[in-house]
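**Q** What follows is a protein structure lacking sequence information:
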């Protein structure tokens with residue numbers, strides 16, 4: 001009987017578990033039909049076949065049995081936040097009805113099975129494991145894939161260009177602890193449903209594609225902590241294409257090798273933009289006119305570049321700004337008093353520049369300690385405290401997973 005196949009597959013799954021401290025699998029025995037076993041869900045329409053296995057966050061220790069591939073009606077596997085180890089069995093590729101694979105936060109090793117492309121996967125999350133090797137190019141054939149997260153592994157190689165053909169893909173997480181290299185694929189612009197892109201903390205290099213404006217749904221674009229840039233003077237041209245992304249809220253490209261001037265087009269970025277972080281690059285020139293158009297900004301980071309000139313008085317119109325980091329540049333002149341009128345501003349970094357004159361009264365009267373803020377302008381320091389600095393630096397960006405301002 002086919003449902004006996006499911007029963008034997010579940011027993012084999014249980015045999016692969018060496019520790020079950022919460023006893024979640026204690027009901028998996030002959031006293032109950034397997035469709036009554038905890039966390040195993042069957043479909044009545046499919047003659048009592050297992051369709052879902054949800055064992056998230058149960059502190060299970062063991063190996064994922066290859067017999068998982070015999071659960072031919074399985075649509076969902078969620079084994080996240082456990083202590084599974086060993087390789088992801090190739091037999092998962094036999095589950096052609098499979099839609100959700102969540103193995104996040106385990107200790108899986110080895111490579112990603114290339115035959116996952118045989119499934120009808122909509123969601124794949126293999127983040128926070130110990131996987132190695134490259135992203136299988138075959139993933140580019142999962143035409144219905146909407147979510148892919150492989151962050152915090154030890155993956156390497158380049159992004160398969162075929163991923164750009166996935167017109168249903170909304171989320172692509174490849175950040176952190178991985179070692180991806182090469183250029184960001186131009187084909188990415190074909191993934192027209194993309195909303196959330198995070199390639200941070202890798203070793204990507206070369207130009208940022210200039211055709212990203214076709215991603216009309218994009219709202220989060222994070223490429224910080226890479227080696228992007230060709231030192232040809234136009235490395236920031238991609239910002240112009242992003243002006244077509246009408247839903248964009250976050251741009252972070254800090255800690256790269258981006259070389260050039262800030263394009264005047266950044267004033268045309270959509271008014272709902274909340275965060276623009278371009279610190280620790282090789283940006284020179286002045287801050288373009290029209291920066292005050294970005295009325296929804298609550299974080300602006302341009303620190304450790306070679307920007308010069310005076311600060312525009314129009315900064316005072318950014319009345320939602322909570323963090324402004326301009327330290328480590330070549331700004332000169334006086335500090336605009338209008339900055340002190342930004343009532344929500346709680347993180348201000350202007351040190352290591354060439355400002356002169358006195359600190360505007362509107363800044364001097366800040367109760368900096370009570371607001372966990374830190375202000376330093378060369379030697380003109382009305383009040384500072386190291387612990388306040390440490391508390392405030394990551395206040396705005398931490399919730400978004402972005403770098404600190406310093």
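**A** Yep, that arrived. Everything numeric here is computed off the predicted structure, so don't read it as measured data.

**Q** What number of residues are in the vicinity of the nearest residue to residue 153 once chain neighbours are set aside?
**A** In space, and not counting its chain neighbours, residue 153 is closest to residue 131: 4.2 Å by C-beta to C-beta, 6 or more residues apart in numbering. Every residue, glycine included, has its C-beta placed from N, CA and C. The number of residues packed near residue 131 is 24, by other C-beta atoms under 10 Å.

**Q** now do residue 153
**A** Each residue near residue 153 was counted by other C-beta under 10 Å, and the total is 22.

**Q** was I right about it contacting residue 180?
**A** No: applying C-beta atoms under 8 Å, one finds residue 153 not in contact with residue 180, separated by 10.3 Å.

**Q** Give the full set of residues in contact with the residue nearest to residue 153.
**A** Applying C-beta atoms under 8 Å, 6 or more residues apart in numbering to residue 131 gives the contacts 88, 108, 109, 110, 111, 112, 150, 153, 154, 155.

**Q** which among the residues you listed gets closest to residue 300?
**A** Proximity of those to residue 300 was ranked by C-beta to C-beta; the top entry is residue 150 with 30.5 Å.

**Q** unless I'm mixing things up, that closest one is touching residue 128, no?
**A** No: using C-beta under 8 Å, residue 150 makes no contact with residue 128, being 9.7 Å away.

**Q** higher neighbour count, these two?
**A** residue 150 (24 against 21).

**Q** returning to that earlier point: weed out the non-buried ones from the contacts of residue 131.
**A** Neighbour counting by 16 or more other C-beta atoms under 10 Å classes 88, 108, 109, 112, 150, 153, 155 among the contacts of residue 131 as buried.

**Q** just checking, what packs against the top helix by length along the chain?
**A** Scanning the chain for the longest helix, with DSSP state H as the assignment, gives helix 2-15. If you count contacts as 3 or more C-beta pairs under 8 Å, 6 or more residues apart in numbering; DSSP states H and E, helix 2-15 packs onto strand 49-54.

**Q** I'd like the distance from the closest residue to residue 19 other than its chain neighbours to residue 262, if you could.
**A** Once flanking residues are discounted, residue 19 sits nearest to residue 61: 3.7 Å by C-beta to C-beta, 6+ apart. Residue 61 sits 52 Å away from residue 262, going by C-beta to C-beta, to the nearest Å.

**Q** Any buried residues in stretch 97-109, and which?
**A** Buried residues in stretch 97-109, counted by 16+ other C-beta under 10 Å: 98, 99, 100, 101, 102, 103, 104, 105, 106, 108, 109.

**Q** average pLDDT across it?
**A** The average pLDDT within stretch 97-109 is 95.

**Q** show me where this structure has helices.
**A** For the chain, the helices defined by DSSP H occupy 2-15, 238-242, 361-364, 386-393.

**Q** Out of those, name the one with the poorest average pLDDT.
**A** Here these differ in mean pLDDT, and the lowest is helix 386-393 at a mean of 31.

**Q** out of the buried ones among the contacts of residue 131, which are inside strands?
**A** 108, 109, 155 (DSSP state E).

**Q** Confirm for me that the last one is in contact with residue 178.
**A** The one in question is residue 155. Yes: with contacts counted by C-beta under 8 Å, residue 155 reaches residue 178, the gap being 4.5 Å.

**Q** Show the low-confidence segments of this protein, by residue range.
**A** The chain contains residues with pLDDT under 70 at 1-2, 46, 364-406.

**Q** follow-up on the earlier one: dump the buried ones among the contacts of residue 131 to TSV, plus distance to residue 324.
**A** As requested, those are exported to TSV (distance: C-beta to C-beta, whole Å):
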residue	distance to residue 324
88	45
108	42
109	44
112	41
150	34
153	35
155	36
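
**Q** Which two among the residues you listed are spaced furthest apart?
**A** Among the buried ones among the contacts of residue 131, the pair separated by the greatest distance (C-beta to C-beta) is 109 and 150, at 14.0 Å.

**Q** tell me the contacts of the residue nearest to residue 87 when sequence neighbours are not counted?
**A** Of all residues not flanking residue 87 in the chain, residue 110 sits nearest, at 3.6 Å (C-beta to C-beta, 6+ apart). Residue 110 makes contact with 86, 87, 88, 131, 132, 133, according to C-beta under 8 Å, 6+ apart.

**Q** if we can go back for a sec, among the buried residues of stretch 97-109, which are in strands?
**A** Residues of the buried residues of stretch 97-109 located in strands (DSSP E): 100, 101, 102, 108, 109.

**Q** got the residue ranges for the strands in the stretch 151-300 of the chain?
**A** 154-157, 171-173, 179-182, 196-198, 203-206, 220-222, 227-228, 250-252, 259-261, 275-277, 282-285, 299-301 (DSSP state E, counting those that start in this stretch).

**Q** most neighbours per residue, which of those strands?
**A** Of all the strands of the stretch 151-300 of the chain, strand 299-301 carries the top mean neighbour count, a mean of 25, counting by mean count of other C-beta atoms under 10 Å.

**Q** so what does that strand touch, helix or strand wise?
**A** Checking 3+ C-beta pairs under 8 Å, 6+ apart, strand 299-301 ends up next to strand 275-277, strand 323-325.

**Q** start to end distance for stretch 306-320?
**A** End-to-end distance for stretch 306-320: 26 Å, by C-alpha to C-alpha, to the nearest Å.

**Q** quick one: which of residue 61 and residue 262 has more around it?
**A** residue 262 (20 against 16).

**Q** Apart from its neighbours in sequence, what residue is nearest that one?
**A** residue 288 (5.5 Å).

**Q** Excluding chain neighbours, give the residue nearest to residue 238 in space.
**A** Nearest non-adjacent residue to residue 238, counting by C-beta to C-beta, 6+ apart: residue 208, 4.0 Å away.
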